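[1] starting from these lines, generate the structure:
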Amino acid sequence: MAELEQLRNQINQVDERLVALLKQRFEIVEAVARTKQASGAPVFDPTRERAVLKRVVDLVANEDYQPAVAQAFTTIMDQAKQLERKKIMLTYLTAGESHGPQGTAIIEGIPAGLAIDVDQINADLASRQGGYGRGSRQQIEHDQVEILGGVRHGLTLGSPITLVVKNRDHAHWSSIMHPTSPATAENTLRKVERPRPGHADLVGGMKYRHRDLRNVLERSSARETAIQVAVGNVCEQLLAALGVTLVGYVQAIGPVDTDLTKPQTVSEIKDAITQNDLRILAQDRVAKLHDLIDQTRRAGDTLGGWIRVVVNGMPAGIGSYVSWDTKLDGQLAAAVMGVNAMKGVSIGDGFEISRHPGSQGMDEISHDADGYHRLSNHLGGLEGGMTNEMPLIINAAMKPIPTLYKALKTVNVVTKEVEKASVERSDTTAIVPASIVIENVVAIELAKALTNSFNADNLARLQEQLAAYREELRGY
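    I've put the predicted structure just below:
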């Protein structure tokens, strides 16, 4: 036993040296990331990675140890790439409450030189407020974006961009939502103690020890998606400059399927869905769906539905198979599920593909002078966590809104008595604006993926690198 303990102590000493060396290696990796960013060098260099791995393995004299060393260093290099990505990647943060003065966002990582069309952002914000089935708050808010930093004379500077969307309804809530005034009987009249089933109210109160559940619902509100749409539209404008277009639309509302035709291009879909107030393809279903929404409203109930986003123009190979957190389909799924009320996400044929044999679910490959193509698109433009140049197809399932005018049973968090849940001003269905929100969060993730794959300090340089990459793919 003494010998075993001695060996374990030796391992501990080796581990301590390894940790110190790994810390030193990762610090150098961060310095490499800063140097690449300053010089315009590509973020990732597969040739360099292969050479490093081969050199390390060749240093191991015992061939039995070589596979283990190769696996260990592959993991180390994957983590190093994550650190480089964190130093360079596009990120954003939002702040603000539903009835607070404004929603605020800061975006970092948008290339310098991108022309920003404010009217285009505002058009998306207006679309988010539209759609049949919306509630009365949309008659109060008239969302307009303000740009407070990161843009000069219409062009991005490469520095963080600050966006603001004011809440006009805050005028009616200024004392209740005042950030510094002490709580009084007068400014806590809208206290919420009866959590709504299906909302963050109860669990959020438990987690953060809030007894007034308004502190939860003010942030866990679909109002936050207004500023998210503003961020997403900036990313959509970046994608358009890179030859990538996308659209979100409604596939189903409640039990009624609306996706009866299959246009292949983003422009075809946009042409179809702008002909009605439900963003659906099947024009002959509009009246039926209006009736369904009206009946649901009269019953004090709500409706969910299905959303689809289609993306054209993504080059092959964006994303990666080398690590679970580098797979683009995983990143897209996480972004979609991060939107309020989303309860499911799928890619391409999604869950339906599990019902078919592989011969009916895979997309056969062809080749011509323009490169490789798929003869179908069951997999929604993603294979092995990477784009394959086919249109991306992302589907999202939205639950019905949990705020019901015919309220469900709940328990008062103060008295512990069974009561009817609180009622906040709400929509009968928000599936139409949700399709715009999902479109925009997909745009954010695709902008992240592209700017992570190339040097993105300047738009012209990014366009040049992407054009060269597309040409390289044609010759593969």
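[2] break down the stretch 51-200 of the chain into its helices, ranges please.
    66-88, 118-128 (DSSP state H, counting those that start in this stretch).
[3] output the contacting helices and strands for the last one.
    Read that as helix 118-128. Here helix 118-128 touches strand 145-149, helix 224-241, helix 431-453, going by 3 or more CB pairs under 8 Å, 6 or more residues apart in numbering; DSSP states H and E. All C-beta atoms are positioned from the backbone trio N, CA, C, and that covers glycine.
[4] related to what we said a few turns ago, most tightly surrounded among the helices of the stretch 51-200 of the chain?
    Highest mean neighbour count of the helices of the stretch 51-200 of the chain: helix 118-128, a mean of 18 (counted as mean count of other CB atoms under 10 Å).
[5] returning to what we had before: residue 463 is nearest to which of the helices and strands packed on helix 118-128?
    Proximity to residue 463 (CB to CB) singles out helix 224-241 among the helices and strands packed on helix 118-128, at 6.9 Å.
[6] for that closest one, list every residue counted as buried.
    By 16 or more other CB atoms under 10 Å, the buried positions in helix 224-241 come out as 224-241.
[7] spatially central residue for the protein, please.
    Nearest residue to the geometric centre of the chain (CA atoms, centre = their mean): residue 335, 2.8 Å.
[8] tell me the pLDDT at that residue?
    With respect to pLDDT, residue 335 scores 97.
[9] repeat that for residue 87.
    The model reports residue 87 with a pLDDT of 55.
[10] how about the one 4 residues further on?
    The predicted local distance difference test score for residue 91 is 94.
[11] excluding chain neighbours, give the residue nearest to it in space.
    Spatial nearest neighbour of residue 91, excluding adjacent residues (CB to CB, 6 or more residues apart in numbering): residue 108 at 5.2 Å.
[12] ok, now residue 99?
    Using CB to CB, 6+ apart, the closest residue to residue 99 is residue 173 (3.9 Å).
[13] list the residues that contact that neighbour.
    For residue 173, the contacting residues are 99, 100, 190, by CB atoms under 8 Å, 6 or more residues apart in numbering.
[14] let me know the closest of the residues you listed to residue 201.
    In terms of CB to CB, no member of the contacts of residue 173 lies closer to residue 201 than residue 190, at 13.6 Å.
[15] and that closest one, how close does it get to residue 376?
    54 Å (CB to CB, to the nearest Å).
[16] got the phi/psi numbers for the residue nearest to residue 99?
    phi -130, psi 10 (degrees, to the nearest 10).
[17] which pLDDT value belongs to it?
    Residue-level pLDDT assigned to residue 173 equals 92.
[18] wait, doesn't residue 102 sit right on residue 163?
    No - in this structure residue 102 lies outside contact range of residue 163 using CB atoms under 8 Å: 9.9 Å.
[19] between these two, which one's more packed in?
    residue 163 (25 against 16; other CB atoms under 10 Å).
[20] what residue ranges in the stretch 251-400 of the chain score low on pLDDT?
    260-263 (pLDDT under 70).
[21] would you map the strands across it?
    Taking DSSP state E, counting those that start in this stretch as the criterion, the stretch 251-400 of the chain carries its strands at 256-257, 305-312, 342-347, 365-368, 371-374, 382-383, 386-387, 392-398.
[22] in its sheet, which strands sit next to the fifth one, and in what direction?
    Going back to what we said before, that points to strand 371-374. Strand 371-374 has the following sheet partners, assigned by DSSP bridges: strand 365-368 (antiparallel).
[23] just the second one next, same as before
    Using DSSP bridges, the strands paired with strand 305-312 are strand 245-253 (antiparallel), strand 392-398 (antiparallel).
[24] of all those, which one is nearest residue 70?
    Between residue 70 and those, the shortest gap by CB to CB is with strand 392-398, which sits at 33.5 Å.
[25] report the next helix or strand after that closest one in sequence order.
    strand 409-411 (DSSP states H and E).
[26] now that following strand: average pLDDT?
    Averaging pLDDT along strand 409-411 yields 96.
[27] quick check: which helices or strands does the helix or strand that it is followed by pack against?
    Following strand 409-411 in sequence order, the next helix or strand is strand 418-420 (DSSP H and E). On a contact count with 3+ CB pairs under 8 Å, 6+ apart, strand 418-420 meets strand 409-411.
[28] out of the helices and strands packed on helix 118-128, nearest to residue 177?
    helix 224-241 (14.4 Å).
[29] out of the contacts of residue 173, which end up buried?
    99, 100.
[30] tell me the one of the contacts of residue 173 nearest residue 208?
    For the contacts of residue 173, the nearest to residue 208 is residue 100 (17.0 Å; CB to CB).
[31] how about the nearest residue to that closest one, chain neighbours excluded?
    residue 177 (5.3 Å).
[32] surely residue 154 is in contact with residue 119?
    No - if you go by CB under 8 Å, residue 154 and residue 119 don't touch, sitting 11.4 Å apart.
[33] who's in contact with the residue nearest to the centre of the chain?
    Applying CB under 8 Å, 6+ apart to residue 335 gives the contacts 441, 442, 444, 445.
[34] equivalent analysis for residue 97, please.
    177, 218, 219, 221, 223.
[35] could I get those as TSV with neighbour count and distance to residue 302?
    Output for the contacts of residue 97, formatted as TSV (neighbours: other CB atoms under 10 Å; distance: CB to CB, whole Å):
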residue	neighbour count	distance to residue 302
177	19	25
218	20	20
219	17	21
221	18	15
223	22	17
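[36] nearest to residue 60, of those?
    Closest approach to residue 60 among the contacts of residue 97 (CB to CB): residue 219, at 52.5 Å.
[37] contacting residues for that closest one?
    Residue 219 neighbours (CB under 8 Å, 6+ apart): 97, 98.
[38] and for residue 311?
    Residue 311 touches 244, 245, 246, 266, 381, 391, 392, 393, 394, 442, 446, counting by CB under 8 Å, 6+ apart.
[39] the residue nearest to residue 99 and residue 228, how far apart?
    21 Å.
[40] for residue 50, same thing?
    Residue 50 is 39 Å from residue 228, by CB to CB.
[41] repeat for residue 336
    With CB to CB as the criterion, residue 336 and residue 228 are 12 Å apart.
[42] any residues in contact with both of these two?
    residue 441.
[43] thinking again about what came up before, dump the strands of the stretch 251-400 of the chain into CSV; add distance to residue 58 as well.
    Formatted as CSV, the strands of the stretch 251-400 of the chain follow (distance: least, CB to CB, whole Å):
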stretch, distance to residue 58
strand 256-257, 59
strand 305-312, 43
strand 342-347, 40
strand 365-368, 36
strand 371-374, 35
strand 382-383, 33
strand 386-387, 30
strand 392-398, 41
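[44] find me the pLDDT at residue 84, would you?
    pLDDT, the model's per-residue confidence, is 67 for residue 84.
[45] typo on my end, it should be residue 453
    So, for residue 453, pLDDT stands at 90.
[46] now residue 37
    61.
[47] any buried residues in the helix ranked longest in the chain, and which?
    In the chain, assigned by DSSP state H, the helix with the most residues is helix 2-39. By neighbour count on 16+ other CB under 10 Å, the buried set for helix 2-39 is 29, 32, 33, 36, 37.
[48] so which of these comes closest to residue 205?
    Of all the buried residues of helix 2-39, residue 205 sits closest to residue 33, with 40.9 Å by CB to CB.
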